[in-house]
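Chemist: with the input below, show me the fold.
(2 chains)
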Amino acid sequence: KAGVTQTPRYLIKTRGQQVTLSCSPISGHRSVSWYQQTPGQGLQFLFEYFSETQRNKGNFPGRFSGRQFSNSRSEMNVSTLELGDSALYLCASSFLSRGTGGELFFGEGSRLTVL
Amino acid sequence: QKEVEQNSGPLSVPEGAIASLNCTYSDRGSQSFFWYRQYSGKSPELIMFIYSNGDKEDGRFTAQLNKASQYVSLLIRDSQPSDSATYLCAVSPINFGNEKLTFGTGTRLTIIP
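Modeler: Numbering: from 1, shown residues only, chains lettered A, B, ... in the order given. Below you'll find the predicted structure:
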């Protein structure tokens, strides 16, 4: 069974540019969450999508956005990149719906460097 | 004040001993609690989840939850070198849910052979 696939794995951008990251969840998983991981702040929740709807959102500025497609694949976009956006962006998928627990399966992440 | 606090370590434990990892959280509305393990350069993987007060055992791992004290712990018995990793405590406001997790910054555990 294929795991969570994130592309690209590494990318370098300059300040002011925008970036789109992609996540393909495990087959059958309908929930996709995005997290930002930095050495100083650790893992921080960005947003979660379930059946193409944003169900939860973290405390990130509007420059961070996402969407989910009908096949559960998800993308996140960061516009007007800042140096502080340099981080590992992790996508996680889950099968079970709200209130029934279940494991989050993380992808290997997309490492973004902003110069 | 961080919402989920963990001692960053490093915590060094001899092989075969018990490793004790602790976590406190500030939001009394937290409902679900998780321990993830993250090896260097890898993504986090779930070790344990616990939803109600008390102890929950799974093999060499025991999670303990005390909601009144807002405290979660993870005990690893018979520690092995392969247990050397960063352990992340995470909490969710969703009952029996894994949504909108707030993570601590992790405790780096080193098992000494």
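Chemist: so is stretch A:21-30 next to chain B?
Modeler: No: using CB under 8 Å from any CB of the partner chain, we find that stretch A:21-30 stays clear of chain B, coming within 11.7 Å at best. Yep, even glycine has a C-beta here, placed from its N, CA and C like the rest.
Chemist: flag every buried residue along that stretch.
Modeler: A:Leu21, A:Cys23, A:Ser24, A:Pro25, A:Ile26, A:His29, A:Arg30 (16 or more other CB atoms under 10 Å in any protein chain shown).
Chemist: hmm, who's touching it?
Modeler: A:1-8, A:31-32, A:34, A:50-51, A:72-78, A:89, A:91, A:93-95, A:97, A:105, A:107, A:110, A:112 (CB atoms under 8 Å, 6 or more residues apart in numbering or on different chains).
Chemist: so which of those residues also contact chain B?
Modeler: Within those, those near chain B by CB under 8 Å from any CB are A:Ser31, A:Ser94, A:Gly107.
Chemist: neighbours around the last one, how many?
Modeler: For A:Gly107, the tally of surrounding residues (other CB atoms under 10 Å in any protein chain shown) stands at 24.
Chemist: and it, what does it touch?
Modeler: By CB under 8 Å, 6+ apart, the contact set of A:Gly107 is A:Gly3, A:Val4, A:Thr5, A:Gln6, A:Cys23, A:Leu90, A:Cys91, A:Ala92, B:Ser43.
Chemist: now the residues you listed: which count as buried?
Modeler: Neighbour counting by 16+ other CB under 10 Å classes A:Val4, A:Thr5, A:Gln6, A:Cys23, A:Leu90, A:Cys91, A:Ala92, B:Ser43 among the contacts of A:Gly107 as buried.
Chemist: quick one: the fifth one from B:Asn7, how far?
Modeler: Yep, that's A:Leu90 we're talking about. In this view, A:Leu90 and B:Asn7 are 23 Å apart by CB to CB, to the nearest Å.
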